[in-house]
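Student: Pasted the sequence and its predicted model underneath.
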Amino acid sequence: MKHFLDIDQTDPAELRGIIDAAARMKTARNGRPRGAPDDDQPLKDHMVALIFEKPSTRTRVSFDVGVRQMGGQTMVLSGADMQLGHGETIADTARVLSRYVDLIMIRTFEEQTLLDMAEYASVPVINGLTNRSHPCQIMADVMTFEEHNGPIKGKKVVWSGDGNNVFASFAHAAKQFDFDLTFTGPPPLDPEGALAGLYTVERDPHKAVAGADLVVTDTWVSMHDPQSARERRHNQLRGYQVNDALMARAKPDALFMHCLPAHREDEATSSVMDGPNSVIFDEAENRLHAQKAVMRWCLGT
């Protein structure tokens, strides 16, 4: 049984196999209606539980569609449906769910909830997002980069903004896929200390993106942040907006990524998001294909 909990916990060769499998499955769907099932049905007669303590658009739709395309069925559960950790332990919930389903995807707040689910479940568990990491997103990002600009090994990736959970998974990926990662952002929003050594820091965003192959950002505020925090973050991050002037310092064929949802004209301008270097919607689509490959890897199908 294989869990997919974080990129740094998965062997680089296994990660490469997942990316390659995702690309093959995407190619195999060329020309097919979006709702049509795959010719290959590796999840036939399989039930997948999709648990959302945090709301979602891309994660929910991409996992749900992916399971259905591969012949399986989904059971979508919210935190309110389950009261995770309130009245019943995560361990007991994991044990019970394992009697009903073949695979669990969980999108939650605390990393410990994910870890407890994986420890006590007797079926594979996938990290759909925690406050600490977002590995499925970065698998899609690596896939997207390589679709457009070839192998990511040795490339320069620059993150501009908040050193958040998505950045953490980029840092894990930098080691596993062997690319160079630069963080540019204000000191109060530096990445967690455990990631030290996986990236370099350049406070000046214009110096940071010089010669970059990929420029990445993310939303400055969470839907759960109070108004005071939103105002503070805008003040801290205004100088790290990805705009045309910043992108001009990167390589001419550099890609721009944002995992969405975005606050246009905050962390990135619409001219960049809709510009010729942007691959944000390919990135969103590839969540589907990358996660299908992750699920197949977990189940050994």
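Tutor: Here it is on my side, so go on.

Student: quick one: the residue lying farthest from the centre of the chain and residue 51, what's the gap?
Tutor: Distance from the C-alpha centroid of the chain peaks at residue 87, with 30.4 Å (CA atoms, centre = their mean). The gap separating residue 87 from residue 51 is 16 Å, by CB to CB, to the nearest Å. From N, CA and C alone the C-beta is placed, and that goes for glycine too.

Student: Likewise for residue 181?
Tutor: Residue 181 is 30 Å from residue 51, by CB to CB.

Student: what does stretch 180-189 contact?
Tutor: Residues outside stretch 180-189 that contact it (CB atoms under 8 Å, 6 or more residues apart in numbering) are 154-164, 167, 170-171, 174, 190-191, 198-205, 208-209, 212, 233, 236-237, 240.

Student: Report the buried members of those residues.
Tutor: Neighbour-count burial (16 or more other CB atoms under 10 Å) applied to the contacts of stretch 180-189 gives 155-164, 167, 170-171, 174, 191, 198-199, 205, 208-209, 212, 233, 236-237, 240.

Student: and residue 234, what element?
Tutor: Using DSSP states H and E, residue 234 falls within helix 227-237.

Student: From the chain's centre, how far out is that helix? Work that out for me.
Tutor: Its chain's average C-alpha position is 24 Å from that of helix 227-237, according to CA atoms, centre = their mean, to the nearest Å.

Student: Report the buried residues of that helix.
Tutor: Neighbour-count burial for helix 227-237 [16+ other CB under 10 Å]: 233, 236, 237.

Student: per-residue confidence for the nearest residue to residue 39 once chain neighbours are set aside?
Tutor: Among residues not flanking residue 39 along the chain, residue 28 sits closest, at 6.9 Å (CB to CB, 6 or more residues apart in numbering). The confidence metric pLDDT takes the value 96 at residue 28.

Student: Can you get me a residue count around residue 28?
Tutor: Residues contacting residue 28 under the criterion other CB atoms under 10 Å number 13.

Student: Could you tell me which residues make contact with it?
Tutor: 38, 39, 40.

Student: From residue 38, how far out is it?
Tutor: The value you get for residue 28 to residue 38, if CB to CB is used, is 7 Å.

Student: what about this structure, any weak spots by pLDDT?
Tutor: Applying pLDDT under 70 to the chain picks out residues 85, 223-224.

Student: For residue 89, give me its contacts.
Tutor: Here residue 89 is in contact with residue 116 (CB under 8 Å, 6+ apart).

Student: just how off-centre is stretch 101-109 within its chain?
Tutor: In this view, stretch 101-109 has its centroid 15 Å away from the chain centroid, taken as CA atoms, centre = their mean.

Student: Do me a favour and get the end-to-end distance for that stretch?
Tutor: Between the opening and closing residues of stretch 101-109 lies a distance of 22 Å (CA to CA, to the nearest Å).
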